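Chemist: what would the 3D arrangement of this be:
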Amino acid sequence: MNRPRFLWLGLAAVALIAGAAIFHAQVGPTPGPPFGNHYRCYDVTESSGFTSRSVKLKDQFGGVHATVIKPRYLCNPVVKNGEPLDDPNLHLVCYETAEASDDPAHTVLTEDQFGQLKLRVESPNLLCVPASKRILEGPGPFDPTEP
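Modeler: Residues are numbered from 1 along each chain as shown. You can find the predicted model right below:
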């Protein structure tokens, strides 16, 4: 005769867990600053080996066909105020893009180490992609452990 009570308690526990999962999925986790590298970006003045191409892009604001025109910035991981790097070998190359987009402007709230910002987001003009990098001329390799 204890079996029905055990079954009832088990079903109640499953219902509570399912309810919590549904609530979490609807409300979502509390956003916080993301982890990862900080980057210092440099203008690219010359490039070779790149050919403009069309790509299909989709993000939280919508999808679009874009033309990737040329490299504009090389972004190196940077140690800011002595904070460790997440990945010292992960760089970004940012490309100028041309997009035929009718997306409306968006207002977003961001939070990072400099505080919380309300931003008006308008037309996109860059596509940044992860890249590896090898120095061909100029100063030697970066050592993130040096002061």
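Chemist: quick one, phi psi at residue 92?
Modeler: phi -130, psi 140 (degrees, to the nearest 10).
Chemist: I'd like the distance between it and residue 37.
Modeler: Residue 92 is 9 Å from residue 37, where distance means CB to CB, to the nearest Å. Using the backbone N, CA and C atoms, a C-beta is placed for each residue, glycine as well.
Chemist: of those two, who's got more company?
Modeler: residue 37 (21 against 18; other CB atoms under 10 Å).
Chemist: this structure: helices as residue ranges?
Modeler: 2-27 (DSSP state H).
Chemist: where exactly do the strands run in it?
Modeler: For the chain, applying DSSP state E gives strands covering 38-43, 53-59, 62-78, 91-99, 106-112, 115-121, 126-131.
Chemist: so which of these is nearest residue 139?
Modeler: The minimum distance between residue 139 and these falls on strand 62-78, with 11.5 Å, by CB to CB.
Chemist: mind listing what's buried in that closest one?
Modeler: Neighbour-count burial for strand 62-78 flags 64, 66, 68, 71-77 (criterion: 16 or more other CB atoms under 10 Å).
Chemist: what do you get for stretch 112-130?
Modeler: 124, 127.
Chemist: CA atoms of it as PDB?
Modeler: Only the C-alpha atoms of stretch 112-130 are listed here, as PDB (Å, rounded to 0.1, in the frame of the first residue of the first chain):
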ATOM      1  CA  ASP A 112      31.000  44.400 -20.000                       C
ATOM      2  CA  GLN A 113      33.900  45.400 -17.800                       C
ATOM      3  CA  PHE A 114      33.300  49.100 -18.600                       C
ATOM      4  CA  GLY A 115      29.700  49.000 -17.400                       C
ATOM      5  CA  GLN A 116      26.200  48.700 -18.800                       C
ATOM      6  CA  LEU A 117      25.400  50.400 -22.100                       C
ATOM      7  CA  LYS A 118      22.200  51.000 -24.000                       C
ATOM      8  CA  LEU A 119      23.200  51.000 -27.600                       C
ATOM      9  CA  ARG A 120      21.300  51.900 -30.800                       C
ATOM     10  CA  VAL A 121      22.400  49.300 -33.400                       C
ATOM     11  CA  GLU A 122      22.100  50.300 -37.000                       C
ATOM     12  CA  SER A 123      23.600  49.100 -40.300                       C
ATOM     13  CA  PRO A 124      26.300  46.300 -40.200                       C
ATOM     14  CA  ASN A 125      29.500  46.900 -42.100                       C
ATOM     15  CA  LEU A 126      32.000  44.400 -40.800                       C
ATOM     16  CA  LEU A 127      32.400  40.600 -40.600                       C
ATOM     17  CA  CYS A 128      35.000  39.500 -38.100                       C
ATOM     18  CA  VAL A 129      36.300  35.900 -38.400                       C
ATOM     19  CA  PRO A 130      38.600  33.900 -36.100                       C
END
